[in-house]
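**Q** sequence? don't have it. structure:
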């Protein structure tokens with residue numbers, strides 16, 4: 001469902017009037033930073049999942065990119081997020097803050113002025129409701145994930161996602177639901193927009209932080225797994241280790257917790273969500289809906 005308003009630089013702007021200039025350096029060069037955040041419907045009203053952590057990562061992304069003159073504080077962005085959800089009367093929604101640049105077109109960040117907009121809309125599960133129940137089919141992409149000194153992997157920089165779009169589009173055109181991407185050394189990194197976990201003998205592994213975007217949902221899953229008594233570790237994972245995993249699932253703000261049933265036409269485990277995946281998935285949804293051990297800690301009620 002389309003929103004009525006988008007918050008832009010301190011003002012609530014009608015949806016169709018929330019525009020930036022054609023010559024914005026962000027449009028031409030991807031010089032911006034953004035976040036994906038979810039607000040869930042709970043028995044106590046709308047609640048945003050790990051809002052402060054997402055907003056801090058947004059500010060960190062701007063700093064990593066080299067934007068040194070951004071004027072809004074985390075608390076100001078927090079209040080703006082509440083305001084735009086209230087203005088659109090959403091009880092459950094996806095939230096997209098974007099720091100963009102205004103100023104002369106060029107490659108010099110210091111001659112541009114950073115601005116920000118925060119949009120919201122009603123958006124279901126990124127990979128589809130059926131995916132949550134049955135799992136998805138993936139391929140190993142021929143596109144390599146960013147090298148850590150080619151593009152900053154810890155920042156959610158707009159231009160970084162050209163890499164994701166190439167991998168995702170190729171996967172969809174090839175008949176798959178999503179792409180798994182390898183790092184420059186050939187180890188498993190992440191998907192085009194999700195972090196990845198494999199399960200063997202009830203033990204969970206995930207790629208280390210070095211070459212991935214450290215997802216807020218990823219961090220939540222690690223905590224949930226430990227709370228549930230599972231052994232979880234960060235290890236280098238090879239492509240063939242994925243093929244022989246008992247279970248495989250991915251996570252992210254958009255995808256939430258989604259099982260994977262096959263990769264490159266190799267069936268993963270029994271070809272359906274396994275017991276560990278279903279346990280983690282159920283605990284995650286209990287948490288975001290206000291009924292989990294970590295709900296009070298992670299939810300910001302509006």
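**A** Yep, that arrived. Treat the numbers as computed from the prediction; the structure is a model and nothing was measured.
**Q** neighbours around residue 302, how many?
**A** Look at residue 302: counted by other Cβ atoms under 10 Å, it has 17 neighbours. Placement of C-beta: from N, CA and C, glycine included.
**Q** Surely it touches residue 48?
**A** Yes. With contact defined as Cβ atoms under 8 Å, residue 302 reaches residue 48; the gap is 7.1 Å.
**Q** partners of residue 266 in the sheet?
**A** residue 263 (DSSP bridges).
**Q** From residue 240, how far off is it?
**A** 9 Å (Cβ to Cβ, to the nearest Å).
**Q** Now list whatever residues contact both of residue 302 and residue 48.
**A** 39, 85 (Cβ atoms under 8 Å, 6 or more residues apart in numbering).
**Q** Report the outermost residue of this structure with respect to its centre.
**A** residue 104 (30.5 Å; Cα atoms, centre = their mean).
**Q** Check what pLDDT it gets.
**A** For residue 104, the model assigns a pLDDT of 93.
**Q** That one and residue 25: what is the separation?
**A** Counting by Cβ to Cβ - residue 104 and residue 25 are separated by 8 Å.
**Q** got any residues that touch both of those two?
**A** residue 112.
**Q** thought the residue farthest from the centre of the chain was touching residue 28?
**A** No. Counting by Cβ under 8 Å, residue 104 sits too far from residue 28 to count as a contact (11.2 Å).
**Q** Which residues does the regular element (helix or strand) spanning residue 133 contact?
**A** Assessed by DSSP states H and E, residue 133 sits inside helix 129-134. For helix 129-134, contacts defined as Cβ under 8 Å, 6+ apart pick out 125, 177, 255-259, 261, 272-273, 281.
**Q** of these, closest to residue 170?
**A** residue 177 (12.3 Å; Cβ to Cβ).
**Q** How about the closest one, nearest residue that isn't a chain neighbour?
**A** Leaving aside its chain neighbours, residue 177 sits nearest to residue 136 (3.9 Å; criterion: Cβ to Cβ, 6 or more residues apart in numbering).
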